[in-house]
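Enquirer: predicted model and sequence follow; I will ask about them next.
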Amino acid sequence: MTALDVAGLRLELGAFVLGELSLNLPDDEIMVVLGPNGAGKSVLLETIAGFHRAVRGRIAVRGRDVTALSPEKRHIGFVVQNFGLFPHLTVAQNIALAASLRRDGAERRSRVDVSELLRRFGIAHLADSGPVVLSPGEKQRAALARAEASHPDLFLLDEPFSALDAQARDGLRFELARFLRDMRAPAIFVTHDRVDVAALGTRVALMREGRIIQCGAVDDVFRRPTSRTAAEILGIENRLPGRVEAADGRYALVRVGDAVLRAASAVGRAIADEVCVAIRAEDIRLTPSANAPAIADENRLAGAVVALQPLGPLTRVVLDCGIRLVACLMTRDVAPLGLAAGAPATAIFSVSDTCAVEP
Amino acid sequence: MRAVRPLWRAPESLGSPAVLLAVWLAGGLLLAFILLPILELFAVQTAGTILRVARQVDVRDALALSVVASLLTAVVAAVFGVPFALLLARAEFVGKSALAAIVDLPLTVPHTVAGIALLMVFGRQGVLGAPIGSLIGLRFWGTLAGIVVAMLFVSVPYTVNAARIAFENVDPRLEMVARTLGMGPLQVLARVTLPLAWRGIATGLTLTFARSISEFGAVVILVYYPMTAPVLIYEMFLRYGLENASAAAALLLLVSLVLFVLFRHVAYGSRRPVGGGR
């Protein structure tokens, strides 16, 4: 069964246009929608929840067409920034309110027991507390318990962590993933933070300017972006313009400036196609000597270090290899490799990590 | 977060102790300027003089009329002002700031001017007063309705403005969450928006009440009889002099202050849940 089926959705909100876009979320899966601010991620969620009327398209939740329904009839659990607990009610009252509003339906089970929910989410001791005094983690649990009390068919989470500092976020992410898995709840999680993607999602959709650029399983999308924009959203730092020179069954030769790189996913592209070569900074290894033995399925570019940018445990190394490359390595490896501004360095990266994508 | 400092320690932004001293001197004079007349009003009274005016029927009637009219005004302000405040807080439309400015207009109109303008509209020959009088028999001259109209004109901006700010401070995302939990728009209003905005609305209504009970200028022109307390005090001052008027004045002040404190207690007494297991 599909948890969510969005087909040909288009929304106009003043000057902003969402879509036209289609989305499909299988049951028990969590999709992370990743994109920069202003991409329309929140508008997409609000449209699915029923707060904006689409110009075109169809939205179905668990096979039920909800396109024309108001938000209260869509059976959706909505979690917002700071978790959106009602501050004038205690935690228990928040959950009880949701339980009392539970929709009548075929699958109506026995009365939701508020104390049972409090226990399941580990917040029984907070039942009579006001939301104001809760820690972010406790708020998250209370918000999930409240949403669960109304038995939603689909969870929508709109950047619930965006007001939190990085430390608080780290713990909450995995706890959220665990709760969503335990509830076996399909969910869409909207964020601009790449770290959320792998931690929470099984699927990811990349979004920009009201459109979905790429969508698929998390690993596939991370390893195989299909366009320059996708590479940018995924945080792939090296995005080099190039032209396909030759292609055979295994890889393609792409000319980037003075260098020729072998790229795995250029297979199938025609000669003379303009492409963008995307290489993750983390996938580039560095060696000081220009003439280490060459290994098959690797690209090598000799050059010199332009600058070192320390980031704590990691260091960004900017290289001039005829083309500008950025590598990212463990800071503790910088000294043994003799890396310093002006020092020679050869960049080595595997062909399979070299993606030729839409420019 | 800002630490609470003792009174005599200067906040950094004020700089030297000399500046602080000057600021305290100015502020202290201001406080004295406000408190001195009020304290003086009570200081010259004895329990006897206040009790004596409190036993006068005309004083009691005027006080009761003032309280009833002010409470009615607050109710009318709530009925007409709070929904409009919600509209101003939530809806975006062309001319919204112009409408908000119209609401503020009574604050800039001298109250005697307001009284004369109201008389021209709600008086015996007024553009509204005449037809309403002949159609449903509701008259605004010499009646409670007239007093409420005069009070409402000068005091309703406080309710609209306070309620508007209160509604604006309710996070729209809370209302969204409430909708997805299964509440219709009216249910969201009753169970989320109004409870969260209640304090601000109550503050506005309290201010409207306080402004109404102290109103003289607009009321005296539209409705001289029956007399509200401020009008009676004015007449006592003209007829019997300062001493008599001041006893009634102290009594009115006492009643308004007690009611003011009571309303504030009602508004702020309903505490939100905070403590609990932590």
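Expert: Nice, thanks for sending it over.

Enquirer: residue 102 - how many residues pack around it?
Expert: Unless you meant another one, I'm taking chain A. For A:Arg102, the count of nearby residues is 17 (other Cβ atoms under 10 Å in any protein chain shown). Using the backbone N, CA and C atoms, a C-beta is placed for each residue, glycine as well.

Enquirer: to clarify, I was referring to chain B.
Expert: As a burial measure, B:Ile102 scores 11 neighbours (other Cβ under 10 Å).

Enquirer: pop the domain breakdown of chain A in here.
Expert: Using automatic domain parsing, the domains assigned to chain A come out as A:2-228, A:229-357.

Enquirer: of all the ones you listed, which one is nearest B:Pro172?
Expert: With Cβ to Cβ, the closest approach to B:Pro172 among those belongs to domain A:2-228: 9.6 Å.

Enquirer: may I see the buried residues of stretch A:312-330?
Expert: Across stretch A:312-330, burial judged by 16 or more other Cβ atoms under 10 Å in any protein chain shown covers A:Leu314, A:Thr315, A:Val317, A:Val318, A:Leu319, A:Cys321, A:Ile323, A:Leu325, A:Val326, A:Ala327, A:Cys328, A:Leu329.

Enquirer: now do stretch B:121-130
Expert: Buried residues in stretch B:121-130, counted by 16+ other Cβ under 10 Å: B:Phe122, B:Gly123, B:Gly126, B:Gly129.

Enquirer: just the ones of these in helices?
Expert: Secondary structure assignment by DSSP state H places B:Phe122, B:Gly129 of the buried residues of stretch B:121-130 in helices.

Enquirer: I'd like the next helix or strand past the longest strand along chain A.
Expert: With secondary structure taken from DSSP state E, chain A has its longest strand at strand A:298-311. Sequence-wise, the next helix or strand downstream of strand A:298-311 (DSSP states H and E) is strand A:314-320.

Enquirer: got the angle for the longest strand of chain A vs strand A:314-320?
Expert: Calculated by axes from the mean of the first three to the mean of the last three Cα atoms, to 10 degrees, strand A:298-311 forms an angle of 130 degrees with strand A:314-320.

Enquirer: does A:Leu261 sit in a helix, a strand or a coil?
Expert: Classification of A:Leu261 by DSSP: H, G, I helix; E, B strand; the rest coil places it in strand.

Enquirer: what's opposite it in the beta bridge?
Expert: Beta-bridge partners for A:Leu261, by DSSP bridges, are A:Val254.

Enquirer: so who does it touch?
Expert: Applying Cβ atoms under 8 Å, 6 or more residues apart in numbering or on different chains, we find A:Leu261 in contact with A:Gly242, A:Leu253, A:Val254, A:Val277, A:Asn299, A:Leu301, A:Thr354.

Enquirer: isn't B:Thr143 right next to B:Leu222, touching?
Expert: No - B:Thr143 is beyond contact range of B:Leu222, at 9.8 Å (criterion: Cβ atoms under 8 Å).

Enquirer: out of those two, which sits in the more crowded spot?
Expert: B:Leu222 (28 against 15).

Enquirer: which residue packs closest to A:Gly312, ignoring adjacent ones?
Expert: A:Thr331 (7.2 Å; Cβ to Cβ, 6 or more residues apart in numbering or on different chains).

Enquirer: contact partners for B:Pro37?
Expert: Applying Cβ under 8 Å, 6+ apart, no residues contact B:Pro37.

Enquirer: got the residues of the stretch 101-250 of chain A near chain B?
Expert: A:101-103, A:125-130, A:132-133, A:146-147, A:150, A:152, A:156, A:158 (Cβ under 8 Å from any Cβ of the partner chain).

Enquirer: and those residues, which are buried?
Expert: Applying 16+ other Cβ under 10 Å to those flags A:101-102, A:126-127, A:129-130, A:133, A:146-147, A:150, A:152, A:156, A:158 as buried.

Enquirer: which pair of the buried residues of stretch A:312-330 spans the longest distance?
Expert: A:Leu314 and A:Ile323 (22.1 Å).

Enquirer: excluding its backbone neighbours, what's nearest A:Ala60?
Expert: Nearest to A:Ala60 is A:Asp5, by Cβ to Cβ, 6+ apart, at 4.3 Å.

Enquirer: bridged to the one you found, which residues?
Expert: A:Asn24, A:Ala60.

Enquirer: the longest helix seen in chain B and chain A, any residue contact?
Expert: Ordering each helix of chain B by length in residues (DSSP H) puts helix B:57-90 first. No - counting by Cβ under 8 Å from any Cβ, chain A has no neighbours in helix B:57-90; the shortest distance is 13.2 Å.

Enquirer: distance-wise, check B:Val103 relative to B:Val255.
Expert: 29 Å (Cβ to Cβ, to the nearest Å).

Enquirer: and if you look at A:Ser227?
Expert: 75 Å.

Enquirer: among the domains of chain A, which is the most enclosed?
Expert: Highest mean neighbour count among these (mean count of other Cβ atoms under 10 Å in any protein chain shown): domain A:2-228, with a mean of 19.

Enquirer: could you pull out the helices for chain B?
Expert: Going by DSSP H, chain B shows helices at B:17-43, B:47-55, B:57-90, B:96-104, B:111-122, B:129-136, B:144-168, B:172-180, B:185-188, B:194-213, B:217-222, B:229-240, B:242-269.

Enquirer: of all those helices, which one is nearest A:Phe222?
Expert: Comparison of the helices of chain B against A:Phe222 by Cβ to Cβ identifies helix B:172-180 as nearest, at 30.5 Å.

Enquirer: and the closest one with chain A, contact?
Expert: Yes - shown here: helix B:172-180 in contact with chain A (Cβ under 8 Å from any Cβ) through B:Arg173, B:Leu174, B:Met176, B:Val177, B:Ala178, B:Arg179, B:Thr180.

Enquirer: who does the one helix or strand A:Ala96 maps to touch, helix- and strand-wise?
Expert: Using DSSP H and E, A:Ala96 sits within helix A:91-100. Helices and strands touching helix A:91-100, by 3 or more Cβ pairs under 8 Å, 6 or more residues apart in numbering or on different chains; DSSP states H and E, are helix A:114-120, helix A:136-149.
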